[in-house]
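*Asks:* sequence and computational prediction follow.
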Amino acid sequence: MNVSMEFLVASGIGWVTACGVFLMLRGRSFPVVLGLTLIGYAVNVFIFAMGRLWTGAQPIIGNGEVVADPLPQALVLTAIVIGFATTGFVIELALRSHHESGTDQVDGKEPGA
Amino acid sequence: MNPLATIVLLPLLAGTLLCFGLGRDNSSARRTLTALAAGSVTVAALALLLSLAPQILAGQTLIAHTDWVPSLGLSIGWRLDGLALLFALLITGIGLLIVIYAHFYLAASDPAGKFYTLLMLFMAAMLGVVMSDNIMLLVVFWELTSVSSFLLVGYWGHKEEARAGARMALAVTGGGGLVMLAGFVLLGQVAGTYELSELLTRGDIIKADPLYPLLLGLILVGCFTKSAQVPFHFWLPEAMAAPTPVSAYLHSATMVKAGVFLLARLYPALGGTDLFEAVVASFGLATVAFAAWVAIFKHDMKGLLAYSTVSHLGFITFLIGLGSPLSAVAAVFHILNHATFKAALFMSAGIIDHETGTRDLRRLGGLYRLMPWTATFAMTAAAAMAGIPLFNGFLSKEMFFHEAVESTLPWGVAVPVIATFAGIFSMAYSVRLVHATFFNGAPKDLPPDAHPHDPPIGMLAPVALLAVLCVVVGVFPAVTYGPLVQVAASALLGTAPPEYHLAIWHGFNLPLLMSAIAVAGGLALYFALQKSFGLPAYTPQRWSGKASFTCLMDSLFTFAGKLTGRLENGSLQRSLALMVLLVLVLAAAPFGAADSLPQAGSRSLLDAPPLAIVVWALLLATGAALVWTHHARFQAVVLTGVVGMVTALTFVALSAPDLALTQLSVEVVSTVLLLMGLALLPQTTPRESTSLRYGRDAALALAAGGGVAALAWLMLTRDHSSISWFFLDNTLPGGGGTNAVNVILVDFRGYDTFGEITVLGIAALGALALLDGLRVKRPTVDTAGRAWTFEQQPLLLRVAARIVLPLALVVSAYIFWRGHNLPGGGFIAGLVTAVALVLQFMALGQARAESALHGAAGRRFSRWIGSGLAIAGLTGVGAFVFGKPFLTSAHGHPTVAVLGELPLASAAVFDLGVYITVVGATLLMLSVLGAASKENHG
């Protein structure tokens, strides 16, 4: 049986989401930041894939008869940059929280404290 | 401006603003000025109404429309017909008397500005309710009356009872308003219009609809709560904590009448059915008798008057509920009569409270001797309330009895019997009010400084005017209220009522006998009650509507508190897990409800090359390794980077070169950022989760991942239709570029992009604010003993960085320039530049790199963000110069010597703004992070 790109992309998105959710549910801030980053990847590819998958069809006019859906690409391009900004903000938030509470536990206190 | 709109806008804008402005200073002169302003605005609105009145009395209906949100069926429509005129005259007329009365009533320490501002707001809201021609607009004003009444009842906010009463009034009437809104939406759907002028002609369609009982029920809840019908009556007595002018205005003449107004207003659309008659008339009848009975036992003058008001509102509700045309005449007539005598009585109660310091009927007495004028006027109004001949209340009460006898309600003879008992009770409480206040010995336990006497003319005049009106209308009803009653009843019924006579004498008949029984029976009942157990000794029962409401609210609060405690124990981990669970449940619910599980679609799929399968396997392995070893944080960052690279590869393979370039460069910067952050955080994550928690989280994660994968699979195997083809067709002719992605970003959806770079800038500035002034002692080595920074920057890296910088800038320029036609553009160019600059930071060290860039610990980069946003914004504004909307782009292909034909588009300038913002934001984030971790060997 031939494996399709669609299957690979769908399962890949699902796997990265699962890893991201798992890390996001951890109790320390750093894994949470990584989890958010992973979920960001998955969401971006998911939105991108909503334009369906195309090979050799770059959305450049004059490139050929068939071109990929450019709209999700435009949406995701800004989403990637904003995702980066969010990652930057969250890591700096984690830093501040660690500095002020003396622990990197997300609730700002050591478990059992 | 349209005169109808002006009538509402006068108090809404001129009234509130003037009173607010003038009343900010509570000096004596300013208080007078504020009252004068409120009075003049009211007079202006009243005069405007009176100037329109002849047209209305001649049978016209004035309508004015302005579109508001036409797509939602919303318009600002005003309507002035007989019914609206009657109410509008009541609102402005009584309003004027209240303005005068309140000026003398309020103590010098009460803020007059606040009072009159709220009063104007309320007046505008009421005028809006009665003059709206669109039922949605009506709802807006309806809720505004609830809100302004909440503020007015709570005017003396330092008193606990005022706050509690205001809260209860808001909860009941505001909640009822919400239910009514649901009913209105249904009504609009069924009738196909929200305009009253059309809706009122579609009664047959509405009444034949299967949704009619439901929408009627919902709307009636709104009317009954507002007009305090049993079982929603309990808020009105509690609202008596309000200053007396407020009670006289809101709780006798206007707001509580809004419910009966709406019943009357919608009568042509909703009324006349057996269901309407049975429900409305029965609730009305129950309210008349019940509230009148309770009123006898109230010791507080205002409490007695409040229950009497509830009873009289039931009286009006009963009459509107009945199907006969004459009952409509009686209803509108009694609306006027009740407002006249009840406002007078409330104002008298206020005077007595003012003079004696108490409203307790057990302590008052003998005031006739001390304040004869007040007593005379109050007794006149009380006589009207009791339904004594020659006073206006008598006439409508006769009509009420007549309708009760004639009613076709299924309760048979019980209807006139209950009506007669209600008459007896009203007589009894009216007698109690007069007897206990003005006669019955002397006042007891008054405050030592109280020397009751008649109040200043300003306070007495409004009462006098209303009392005189009671008598004049009582004797000459046809020439006084007659014309107004005629047009209002016509508007209520939708057609002119049959011939009738407003007159005192209709001959000896059954209603007259019932009146006689009521008067005699009421007197007998009062004195019998006094004699047998003494009314003053009566203590109220424990069970009441108020108590059950309080109990309900308390248990709601307790329940909510417990629920919150269960769900939210202060642990973010737990809240997040619950949120994920909720998302899963919500997303899975539609699948569970479907008959069969959705199947994959029929789109022809792409074969995966072997390389793709290898990369896929790499992704799975990386993810697993990341989850497994995330405790070692450095390693986790690297593995996260691998996932990012796979993402970039995916974009490359699937025809998204722009995304791949963006992802690649973002990957570099964010990995650097993560590592810089990690340097200041613990290097490992402790293993502290229990295996139960691991299991729970893994289950949640797998369910979420599985769900997303299934969703993606279902979508990807189906064909799609997209609006994108429009963009593709217009990219070249409309945007002047061949790279559709870039043209969408900087041209078609330039507004979105402008918003997005603003968000980017804000996130970076947020980071600056977060870390401002933060200095963290950074360890010199990590857990494995590796140094975080170079002892001395390695020569090779320094040289390489120096060579890379100009190259990278050239590449950025190239990527930027070609972006409109080939993969590239401002975002990518900005990231490439940022990466090259980050390399300088690494090679030269934070301090030298920053001084070279004049970064000033990141602060300066905020200027870069500002300039970038300014350039993008100004490009957009530039379109205005050419008379085009914001961000309209222009393009051309001028031929320049040497360089040849140049594709030029104004969008390129916009893209330059994007470029600068991206560079600035990226460097700002890195720079503040670097500045926070200044090496500290101390």
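*Replies:* That came through, no problem.
*Asks:* CA only for contacts and neighbour counts going forward, please
*Replies:* Will do.
*Asks:* number of nearby residues for residue B:572?
*Replies:* When counting by other C-alpha atoms under 10 Å in any protein chain shown, one arrives at 17 neighbours for residue B:572.
*Asks:* same question for residue B:614.
*Replies:* By other C-alpha under 10 Å, the burial measure for residue B:614, its neighbour count, is 11.
*Asks:* can you tell me the SS state at it?
*Replies:* Three states are possible here, and by DSSP: H, G, I helix; E, B strand; the rest coil the one that applies to residue B:614 is helix.
*Asks:* can you tell me the element the closest residue to chain A within the stretch 401-550 of chain B falls in?
*Replies:* Closest approach of the stretch 401-550 of chain B to chain A (C-alpha to the nearest C-alpha) occurs at residue B:550, with a separation of 36.7 Å. Element membership of residue B:550, judged by DSSP states H and E, is helix B:545-567.
*Asks:* how distant is the helix or strand just after that helix from the center of its chain?
*Replies:* Using DSSP H and E, the helix or strand that follows helix B:545-567 towards the C-terminus is helix B:572-593. Between the mean C-alpha point of helix B:572-593 and the mean C-alpha point of its chain there is a distance of 28 Å (C-alpha atoms, centre = their mean, to the nearest Å).
*Asks:* and helix B:572-593, what does it pack onto?
*Replies:* In terms of contacts (3 or more C-alpha pairs under 8 Å, 6 or more residues apart in numbering or on different chains; DSSP states H and E), helix B:572-593 is packed against helix B:691-716.
*Asks:* what's near enough to touch the most centrally placed residue in chain A?
*Replies:* In chain A, the residue lying closest to the centroid (C-alpha atoms, centre = their mean) is residue A:40, at 1.6 Å. Counting by C-alpha atoms under 8 Å, 6 or more residues apart in numbering or on different chains, residue A:40 touches A:80, A:83.
*Asks:* contacts only, for residue 87.
*Replies:* Went with chain A since none was named. The contact partners of residue A:87, by C-alpha under 8 Å, 6+ apart, come to A:33, A:36-37, B:670.
*Asks:* that answer is for a different chain, and I need it for chain B
*Replies:* Residues in contact with residue B:87, defined by C-alpha under 8 Å, 6+ apart, are B:130, B:254.
*Asks:* confirm that it sits in a helix.
*Replies:* Yes - the assignment for residue B:87 by three-state DSSP puts it in a helix.
*Asks:* that one and residue B:315, how far apart?
*Replies:* 17 Å (C-alpha to C-alpha, to the nearest Å).
*Asks:* now stretch B:82-102: buried residues?
*Replies:* In terms of neighbour count (16 or more other C-alpha atoms under 10 Å in any protein chain shown), stretch B:82-102 has its buried residues at B:82-92, B:94-102.
*Asks:* so which of those residues sit within strands?
*Replies:* Taking DSSP state E as the definition of strands, those contribute nothing to them.
*Asks:* looking at the residues you listed, which are in helices?
*Replies:* When the buried residues of stretch B:82-102 are checked against helices (DSSP state H), the matches are B:82-92, B:94-102.
*Asks:* how much space is there between the residue of the stretch 401-550 of chain B closest to chain A and residue B:456?
*Replies:* 40 Å.
*Asks:* got a pLDDT number for residue B:901?
*Replies:* Here, the pLDDT recorded for residue B:901 equals 53.
*Asks:* wait, residue B:787
*Replies:* At residue B:787 the predicted local confidence, pLDDT, stands at 72.
*Asks:* that one reaches residue B:780, doesn't it?
*Replies:* Yes - in this structure, residue B:787 is within contact of residue B:780 by C-alpha atoms under 8 Å, at 5.8 Å.
*Asks:* quick one: which of these two has more around it?
*Replies:* Neighbours per residue, other C-alpha under 10 Å: of residue B:787 and residue B:780, the larger number sits with residue B:780, 15 against 12.
*Asks:* sorry, back to before: three-state assignment of the residue nearest to the centre of chain A?
*Replies:* Using three-state DSSP as the criterion, the local structure at residue A:40 reads helix.
*Asks:* least confident secondary structure element in chain B?
*Replies:* When each helix and strand of chain B is scored by mean pLDDT, DSSP states H and E, strand B:900-901 comes last, with a mean of 52.
*Asks:* same for the helix or strand harbouring residue A:10, what does it pack against?
*Replies:* When secondary structure is defined by DSSP H and E, residue A:10 falls within helix A:5-24. Packed against helix A:5-24 by the contact rule (3+ C-alpha pairs under 8 Å, 6+ apart) you find helix A:29-49, helix B:610-628, helix B:691-716.
*Asks:* at 6 Å instead, please
*Replies:* In terms of contact count using 3 or more C-alpha pairs under 6 Å, 6 or more residues apart in numbering or on different chains; DSSP states H and E, helix A:5-24 is assigned the packing partners helix A:29-49, helix B:691-716.
*Asks:* among those, which comes closest to residue B:421?
*Replies:* The stretch from the helices and strands packed on helix A:5-24 with the least distance to residue B:421 (C-alpha to C-alpha) is helix B:691-716; that distance is 67.2 Å.
*Asks:* could I get the buried residue list for that closest one?
*Replies:* By neighbour count, with 16+ other C-alpha under 10 Å as the criterion, the buried positions of helix B:691-716 are B:697-698, B:700-716.
*Asks:* the top helix by length along chain A to helix A:29-49, inter-axis angle?
*Replies:* Longest helix of chain A, by residue count under DSSP H: helix A:70-101. For helix A:70-101 and helix A:29-49, the angle between their directions (axes from the mean of the first three to the mean of the last three C-alpha atoms, to 10 degrees) works out to 170 degrees.
*Asks:* okay, now residue 29: neighbour count?
*Replies:* Since no chain was named, I'll use chain A. Summarising burial for residue A:29: neighbours were counted as other C-alpha under 10 Å, giving 27.
*Asks:* please go with chain B instead
*Replies:* Neighbour count for residue B:29, taken as other C-alpha under 10 Å: 11.
*Asks:* what strand or helix carries it?
*Replies:* With DSSP H and E as the test, residue B:29 turns up in helix B:28-57.
*Asks:* what does the pLDDT read for the residue positioned nearest the centre of chain B?
*Replies:* For chain B, the residue sitting closest to the mean C-alpha position, by C-alpha atoms, centre = their mean, is residue B:143 at 8.6 Å. Reading off the per-residue confidence, residue B:143 sits at a pLDDT of 93.
*Asks:* and it, how far is that from chain A?
*Replies:* From residue B:143 over to chain A the distance is 40 Å, taken as C-alpha to the nearest C-alpha, to the nearest Å.
*Asks:* make sure that residue is indeed in a helix.
*Replies:* Yes - under three-state DSSP, residue B:143 sits within a helix.
*Asks:* re earlier: quick one, the helix holding residue B:550 and helix B:572-593 angle?
*Replies:* Angle between the axes of helix B:545-567 and helix B:572-593 is 100 degrees (criterion: the same axes, to 10 degrees).
*Asks:* helices or strands up against helix B:545-567?
*Replies:* In terms of contacts (3+ C-alpha pairs under 6 Å, 6+ apart), helix B:545-567 is not packed against any helix or strand.
*Asks:* tell me the mean pLDDT over stretch B:398-413?
*Replies:* pLDDT averaged over stretch B:398-413 equals 86, rounded to a whole number.
*Asks:* got the contact list for that stretch?
*Replies:* With C-alpha atoms under 6 Å, 6 or more residues apart in numbering or on different chains as the contact definition, stretch B:398-413 has outside contacts at B:330, B:415-416, B:511.
*Asks:* pull out the buried residues from that stretch.
*Replies:* In terms of neighbour count (16+ other C-alpha under 10 Å), stretch B:398-413 has its buried residues at B:398-405, B:407-409.
*Asks:* for it, measure first residue to last.
*Replies:* The straight-line separation of the ends of stretch B:398-413 (C-alpha to C-alpha) is 17 Å.
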